[in-house]
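Enquirer: Pasting a predicted model and its sequence here:
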Amino acid sequence: MQHIIDRFISYVTVDTESDPNSDTTPSTEKQWNLANQLVEELKAIGMEDVTIDENAYIMATLPSNVDHDVPVVGFVSHFDTTPDFTGANVKPKIIKNYDGGDIVLNEEQNIVLSPTYFKDMLQYKGQTLITTDGTTLLGADDKAGITEIVSAMEYLINNPQIKHGKIRVGFTPDEEIGRGAHKFDVAKFGADWGYTMDGSQIGELEYENFNAAGAKITFKGKSVHPGYAKGKMINSMLLASKFVAALPENEVPERTSGYEGFYHVTNIDGSIEKTMVQLIIRDHDREKFEARKEKVAQIADAINDEYMEQFGEPIVIADIKDQYYNMKEKVVPVFHIIDIAERAMKELDIKPLIKPIRGGTDGCQLSYMGLPCPNIFAGGHNFHGKYEYVPVESMQKATEVIVKIAELTAKIYNG
Ligand SMILES: [Zn+2]
């Protein structure tokens, strides 16, 4: 346990915040600091073919220790942290034998991590929690995943009596800004399938995520002195509000859950002559997803029709772009990869929690790039903010799940 704690702390105390406004990969120079540290560590524990490319993508191999052919299994996680909250100067707190009560993260600023609000905490009574000091995020997303993968590889190297096929490890930058998979060389990775260790609560196993699109709707207008505006002025902000009002009012993130999709307006920026509305469109079901995009286009078209005569050209321009798709389509044909993960958890007395992701993962992009890649829990909670915490026992269990998947795969493919 202490070994896992030390390893985790050695990662979270290195600031690796990514930056959506940067065009480079990695998006921030400082991600190299942890990337280089990880390369050295992978070599030190005895991994082979440890490589890092010009974009800071790290890959490494644990060779097979059996004679028969076993599919190559990959484990993937990301070393950047979200730009939503600072990841500089993380000072982790270790709460041993958690008593189920409030945890004062920061006395001065009165920041308290409380099970009254975060009920999930109660299931970890008696365990060791790692929290923040209330001024930063923790970075368990996804340095918990990296800790688990490195620890599992180290365990397999030190315990050669456990038989396994070839295992590949991949660590990526910039997942939090949606680019973790972009420059991932799937052919070089060479795995038959993989798992991202990037879920939350212990037991999570995810292979369904949203289909996702982003839309930029531009409304034009005509500015005229308000005193002389009758019949002449067109206020683009009012067109935009008409558009937003025409979206189904209950199909928004704050009123949906499970498999329910939504429209989510993320930004409105306007003046009389030009207003831009940005929204994201999400649905697990591909047909419903297409219908949602169609709906957005239709609302825009209706406004165009209404103003065509007066404005003389389309007054609304709808630019709708697909972002990612549900990995289910790519995972169902190889469903044994879910079965193996589920069986690994059950053999370790972990209750599998299989549920749809209301978002995307690196794995969904990788799945469409040819590497089917469901997501497994890494153990942390309350990602992307100061209330983030991770139970060490969950990191331990995730490490065991990796070891067990390696072992089961070799066993299942033995004749
Ligand atoms: Zn993550």
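Expert: Here it is on my side, so go on.
Enquirer: secondary structure class for the closest residue to residue 411 other than its chain neighbours?
Expert: Computed as Cβ to Cβ, 6 or more residues apart in numbering, the closest residue to residue 411 that is not its neighbour in sequence is residue 163, at 7.5 Å. Quick note: C-beta positions are derived from backbone N, CA and C, even for glycine. The three-state label for residue 163, taken from DSSP: H, G, I helix; E, B strand; the rest coil, comes out as coil.
Enquirer: tell me the centre residue of the chain?
Expert: residue 361 (4.1 Å; Cα atoms, centre = their mean).
Enquirer: where's that one relative to residue 258, distance?
Expert: Computed as Cβ to Cβ, to the nearest Å, the residue 361 to residue 258 distance reads 18 Å.
Enquirer: swap in residue 214?
Expert: 22 Å.
Enquirer: Those two: which is more packed in?
Expert: Set side by side, residue 214 and residue 258 show more neighbours around residue 214, with 14 against 8, by other Cβ atoms under 10 Å.
Enquirer: and the more buried one, what pLDDT?
Expert: The score at residue 214 is 96. That number is its pLDDT.
Enquirer: Ok, residue 415 next?
Expert: In the prediction, the pLDDT value recorded for residue 415 is 66.
Enquirer: Tell me the residues of the stretch 51-200 of the chain that contact the ion?
Expert: Near the ion, the residues belonging to the stretch 51-200 of the chain are 141, 142, 198 when assessed by Cβ under 5 Å from the ion.
Enquirer: give me the low-pLDDT residue ranges for this protein?
Expert: With pLDDT under 70 as the threshold, the chain has low-confidence stretches at 415.
Enquirer: how does it divide into domains?
Expert: According to automatic domain parsing, the chain comprises the domains 2-208+327-412, 211-324.
Enquirer: Checking my notes, residue 277 in a strand, right?
Expert: Yes - assigned with three-state DSSP, residue 277 falls within a strand.
Enquirer: and it, how far is that from the ion?
Expert: Using Cβ to the ion, to the nearest Å, one gets 29 Å for the distance from residue 277 to the ion.
Enquirer: now do residue 325
Expert: Taken as Cβ to the ion, the span from residue 325 to the ion is 19 Å.
Enquirer: what's around that residue, how many residues?
Expert: Neighbour count of residue 325, defined by other Cβ under 10 Å: 20.
Enquirer: Surely it is in contact with residue 211?
Expert: Yes - with contacts counted by Cβ atoms under 8 Å, residue 325 reaches residue 211, the gap being 5.0 Å.
Enquirer: anything in contact with each of these two?
Expert: A shared contact of residue 325 and residue 211, defined by Cβ atoms under 8 Å, 6 or more residues apart in numbering, is any residue touching both; here these are residue 286.
Enquirer: Mind listing what's buried along the helix ranked longest in the chain?
Expert: Ranked by residue count, the top helix of the chain under DSSP state H comes out as helix 286-311. Of the residues in helix 286-311, those with enough neighbours to count as buried (16 or more other Cβ atoms under 10 Å) are 289, 292, 293, 295, 296, 299, 300, 303, 304, 307.
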